[in-house]
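Q: A predicted structure for the sequence below; I have some questions about it.
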Amino acid sequence: MGRRDKASQPNDVARKEAKKKELKKNKKQRQLVREIVAKQQDPKKLHLELDALREKEQACETQFARLPWIDKQSKVQASIREAVEYLEKNEPEKFKEYKQWKYERERAAREKPMVFDPHNRMPTGGAAVPPPPPPPPPPEVAPLLACCRAAITRGSSSGRTCPFRMYGILSSW
């Protein structure tokens with residue numbers, strides 16, 4: 001009358017064991033394929049491809065248009081990671097060469113001046129262009145602003161609670 005446990009059926013037990021063996025075999029095959037693909041990939045070329053994808057992402061107007069580029073970037077980053085792991089394990093000379101190349105590349109990027117891009121609101125590499133100046137305060141705010149500035153320069157505690165300062169308006173005018 002009671003229900004039997006399905007695991008105790010001999011056919012089910014045999015089927016589960018066969019499935020485990022198949023999964024184990026497939027896992028070994030997938031690892032071999034990944035290793036072959038990682039061996040064929042050059043991390044330097046993948047980094048250049050990643051840079052191109054980042055430039056295309058920056059050129060997009062909306063966040064929605066950037067999503068495909070972000071997805072592609074994550075896939076390329078995973079490929080870079082796999083290729084570097086393969087080099088580290090199997091080809092230490094190429095790995096050292098890659099690390100040196102990456103160090104030089106990062107150093108050159110740090111020395112490159114940052115540019116303010118008014119469309120993306122993000123700094124980018126290139127010739128230095130300062131951000132546009134903030135707009136002047138409205139005429140009705142100017143007297144209040146002068147009062148807040150005076151309080152801040154005196155160092156009084158009322159300057160800390162100034163609503164203009166709290167919301168960052170004072171810092172831009």
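A: Received it, and whenever you're ready, just let me know what you need. What you see is a predicted model; the values in this text were computed from it and never measured. Residues are numbered from 1 along each chain as shown.

Q: Okay, strands next: where are they in this protein?
A: Along the chain, counting by DSSP state E, strands occupy 114-117, 122-125.

Q: how many neighbours does residue 133 have?
A: 7 (other C-beta atoms under 10 Å). Using the backbone N, CA and C atoms, a C-beta is placed for each residue, glycine as well.

Q: Compare the strands of the chain and say which comes out lowest on pLDDT.
A: Among the strands of the chain, strand 122-125 carries the lowest mean pLDDT, a mean of 57.

Q: Now stretch 55-69: buried residues?
A: Judged by neighbour count using 16 or more other C-beta atoms under 10 Å, the buried positions of stretch 55-69 are 57, 66, 69.

Q: Filter those residues down to the ones in helices?
A: Under the assignment DSSP state H, the buried residues of stretch 55-69 contribute 57, 66, 69 to helices.

Q: Which phi and psi values does the nearest residue to the second one once chain neighbours are set aside adopt?
A: Taking C-beta to C-beta, 6 or more residues apart in numbering as the measure, residue 66 lies nearest to residue 60, with 4.6 Å between them; neighbours along the chain are not counted. Backbone geometry at residue 60, expressed as degrees, to the nearest 10, gives phi -70, psi 140.
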